[in-house]
Structures are given as C-alpha cells and as structure tokens.
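Engineer: Okay, here's the prediction I keep looking at, along with the sequence it came from:
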Amino acid sequence: GGHKDLAAEASQNCVVALMGVGFTLVAIPLIVPIGTANLQALGFVFNSLVSLVLACVWTSLEAEGRSAAQFSLYALLYGSYWVCNVTTFVLPSETFEPEV
C-alpha cells in the first residue's frame, strides 16, 4: 500500500541526504591540504563525471530494473554537489579581506 511506498521513499531521501552530509564531512578536512579552489575544481570534475555516467547508463539501468544502481549513482551525484557548496561558502572569506 501507500504507507510502505511512503516509508521506502522517506528512507531513500534520508540516505541521499546522508550522502551529502558524508561528502561534506570528507570535504571540510581536505580544504587546507588541497586548497579551496582545487577542491572546488575536483568537486566539479567529479560531479561532471557522475553526471556523464548517469546520462549514459540511466535508460539501460531502468530497462534492466536495476533501481539500486540508479539510486546509488543519484546519491553520489547529490553528494558531490555538497563539495562544491562547501567550497563556495569558504572562497569569499579567503578572497576578500575582512573590514576592520
């Protein structure tokens, strides 16, 4: 029934959100050793690669009924957005000096 579908959808949404949190927790300690701009560039490249893979295989995964693979790729895509978001909030503070 509808309740099982709703519960499954809610748990999938939680997993996707946790991917974003996980990517954020990985990105924060990498800001200093890699550099904010480099980390942002890596985030954009990873995001582009996952998007390309999704675009190439989405229809075939759907036809084969491999929804777990679709979901995993989508969760990776969503999580990779967070790396770019973390660096976007850090770059202005590094670029512009604070006013005294």
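Structural biologist: Perfect, I can see it now.

Engineer: pLDDT weak spots in the chain?
Structural biologist: Applying pLDDT under 70 to the chain flags the ranges 1-3, 100.

Engineer: what helix or strand is the most centrally placed residue in it on?
Structural biologist: For the chain, the residue nearest the mean C-alpha position is Gly79 (1.7 Å; CA atoms, centre = their mean). Using DSSP states H and E, Gly79 falls within helix 67-95.

Engineer: roughly how far apart are the nearest residue in space to Ile34 that is not next to it in sequence and Leu91?
Structural biologist: Distances taken as CB to CB, 6 or more residues apart in numbering put Leu42 closest to Ile34, at 7.2 Å, once the chain neighbours are dropped. Yep, even glycine has a C-beta here, placed from its N, CA and C like the rest. As for Leu42, its distance to Leu91 is 14 Å (criterion: CB to CB, to the nearest Å).

Engineer: Those two: who's more crowded?
Structural biologist: Neighbours were counted for Leu42 and for Leu91 using other CB atoms under 10 Å; Leu42 has more, 18 against 14.

Engineer: list the helices and strands the helix or strand encompassing that one packs on?
Structural biologist: Assigned by DSSP H and E, Leu42 belongs to helix 36-63. Counting contacts by 3 or more CB pairs under 8 Å, 6 or more residues apart in numbering; DSSP states H and E, helix 36-63 is packed against helix 2-34, helix 67-95.

Engineer: any chance of those in JSON lines, plus distance to Leu52?
Structural biologist: As requested, those are arranged in JSON lines below (distance: least, CB to CB, whole Å):
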{"stretch": "helix 2-34", "distance to Leu52": "18"}
{"stretch": "helix 67-95", "distance to Leu52": "10"}
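
Engineer: and of those helices, who's closest to Asn47?
Structural biologist: helix 67-95 (4.3 Å; CB to CB).

Engineer: Report the buried residues of that closest one.
Structural biologist: 70, 73-87, 90 (16 or more other CB atoms under 10 Å).

Engineer: Stretch 14-26 too?
Structural biologist: Judged by neighbour count (16+ other CB under 10 Å), stretch 14-26 contains these buried residues: 16, 19-20, 23.

Engineer: mind checking the SS state of Glu97?
Structural biologist: Assigned with DSSP: H, G, I helix; E, B strand; the rest coil, Glu97 falls in the coil class.
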